[in-house]
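Asks: curious how this folds, go ahead:
(chains A and B, ligands or ions: 2)
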Amino acid sequence: MSETNQEFEPRIVAFVCNWCTYAGADLAGTSRLKYATNVKIVRFPCTGRIDFMLLLKAFEEGADGIIVSGCHPNDCHYTSGNFHARRRWTVFRGLLDFMGIDVRRIHFTWVSAAEGAKWADIVNETVADIRALGPYDEYKSIASNFEKEAAK
Amino acid sequence: MSKLSEKAAALLSEGTVGLVIGYEQGTHGTRPKFCRKAEDAATLILNDKCLNNIGGYLTKPELIGSGKVAVTATLAVMRTVVQLTAEHQLTDGNVIVLALDGDEVLQMASIDEIKKWLAAHPEDLSDENKALLSKLKALSREERWNFWINEMNKCIKCYACRASCPLCYCNRCIVEVNCPQWIKPWAAPLSNMEWQINRVMHMAGRCVGCGACDRACPVHIPLRLLTISMAGDIKEAFGVASGTGNIDGNVLSSFKPDDKENFIH
Ligand code: SF4
Ligand code: SF4
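Replies: Ligands and ions are numbered 1, 2, ... in the order given. Modelled structure (predicted):
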């Protein structure tokens, strides 16, 4: 890697729910808050819908960091999607860590529709953290060329 | 004839059950034995060499029409019956469990009875597994990654881990779904790892810790460590013991509003 960490622009994928965090990110935009542009937001109906495989696929496709965000507990549009998601992430995170996958690269947050400023901070913090960690070459190295070519 | 064989033969000749699933001595260790007639039961054995989890046969479509079924059971098979019943794959009362208490044959016909027996006979992790687990947990993250990638490299995607697991009973497994194809079907480190992450995640709170997956793996990947580690996490986070037929719902399809975590900000 010729880039130093200062120059390295992390690729971040954010998996967010439609009702809270997406609206929060929207608010950050309409409030004209400036924040790091490294994040690609993928909108879901609910955090409960965010399959853990999506996170693995993001890493496979070259993400260096991931944000998962939805409604605060008790605020879920569907009443309990975020509670289910919270359990899923607890189990998933433990398993990934046991397998040596770098869970510091996955940031979990609750951001409500009113928290545009929190969203901007979360993105900035995540970008800074991932920049310090560097590119996730370890994971990319096993997404071998053979797999990439065959997937085309 | 052993008492176990006598009991099984009696159940068959009385017509209480149409099938007894058990173990007999094979050329290389024990093997499953399906008894449909009383005389088939003569070779039944049940000892600590009976390690295959024959509880897995109970959900096979081929058994439909066998009427009531009896199964000779180790503790792992009993846990399997309890868990499968909690998941509505078996009907309480339709499976008779035959177990050994010293020389005596116990016949258990209800989940309550089996649960009582299991509560009185808790099975702890073996010292070997405990040591391996703490050794792995003490490694740095990078070392753990190297350890598992090296293991995953060996996988040949035979799916014996799935076939041997009594709780892997989906008709259509995620690895056969090809639209979208979540997991590439060929054996390569990444898709092998994804396969295991999926298999293990789908076992969350359900794994009965029989170790069948691990023993079935032809390349000796220590698969049991994955489910053991996850079961530990689940116990710690939600206070639920894995594979105990929790009737309040599966760990990942139920929740408590005050579930604790320390990583969501
Ligand atoms: S995952 Fe392995 S140890 Fe757990 S129930 Fe299935 S075969 Fe048994
Ligand atoms: S049994 Fe072993 S080799 Fe076969 S698919 Fe499972 S992990 Fe891979």
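Asks: surely B:Phe238 touches B:Val251?
Replies: Yes. Here B:Phe238 reaches B:Val251: they are 6.0 Å apart, a contact under CB atoms under 8 Å. Heads up, the C-betas are built off the backbone N, CA and C, glycines and all.
Asks: now do the shared contacts for those two.
Replies: Residues touching both B:Phe238 and B:Val251 by CB atoms under 8 Å, 6 or more residues apart in numbering or on different chains: A:Arg87, B:Gly205.
Asks: between these two, tell me which one has more neighbours.
Replies: B:Val251 (23 against 20; other CB atoms under 10 Å in any protein chain shown).
Asks: ok, the closest residue to the more buried one other than its chain neighbours - contacts?
Replies: Residue nearest to B:Val251 in three dimensions, not counting chain neighbours: B:Gly205, with 2.9 Å by CB to CB, 6 or more residues apart in numbering or on different chains. Neighbouring residues of B:Gly205 by CB under 8 Å, 6+ apart: B:Ala231, B:Ile234, B:Phe238, B:Val240, B:Ser242, B:Gly243, B:Asn246, B:Asn250, B:Val251, B:Leu252.
Asks: so how far is B:Ala41 from B:Phe255?
Replies: Distance of B:Phe255 to B:Ala41, computed by CB to CB, to the nearest Å: 46 Å.
Asks: the two: who's more crowded?
Replies: B:Ala41 (27 against 20).
Asks: which ones are touching that one?
Replies: B:Ser5, B:Glu6, B:Ala8, B:Ala9, B:Leu12, B:Val20, B:Gly22, B:Cys35.
Asks: apply 6 Å and report the result again.
Replies: B:Ser5, B:Ala8, B:Ala9, B:Cys35 (CB atoms under 6 Å, 6 or more residues apart in numbering or on different chains).
Asks: B:Ile64 now?
Replies: By CB under 6 Å, 6+ apart, B:Ile64 has no neighbours at all.
Asks: tell me the pLDDT of the residue nearest to A:Cys20 when sequence neighbours are not counted.
Replies: In this structure, A:Cys20 finds its nearest non-sequential neighbour in A:Cys71, 3.7 Å apart by CB to CB, 6+ apart. Note on A:Cys71: pLDDT of 93.
Asks: can you name the residue of chain A nearest ligand 2?
Replies: A:Met99 (13.1 Å; CB to the nearest ligand atom).
Asks: look up phi and psi at residue 70.
Replies: I'll assume chain A. The phi/psi pair for A:Gly70 (degrees, to the nearest 10) reads phi -160, psi -160.
Asks: the intended chain is chain B.
Replies: According to degrees, to the nearest 10, B:Ala70 has phi -110, psi 150.
Asks: for it, give the beta-bridge partners.
Replies: When assigned by DSSP bridges, B:Ala70 has beta-bridge partners B:Val20, B:Ile96.
Asks: wait, does stretch B:134-141 contact chain A?
Replies: Yes. Judged by CB under 6 Å from any CB of the partner chain, stretch B:134-141 comes into contact with chain A at B:Arg141.
Asks: for the record, mean pLDDT for that stretch?
Replies: 96.
Asks: measure how far that stretch is from the centre of its chain, please.
Replies: 26 Å (CA atoms, centre = their mean, to the nearest Å).
Asks: same deal with stretch B:101-108?
Replies: With CA atoms, centre = their mean, you get 22 Å for stretch B:101-108.
Asks: residues in contact with it?
Replies: B:Lys3, B:Leu4, B:Lys7, B:Val97, B:Leu98, B:Ala99, B:Ile114.
Asks: buried subset of these?
Replies: Neighbour counting with 16 or more other CB atoms under 10 Å in any protein chain shown marks B:Leu4, B:Lys7, B:Val97, B:Leu98, B:Ala99, B:Ile114 as buried within the contacts of stretch B:101-108.
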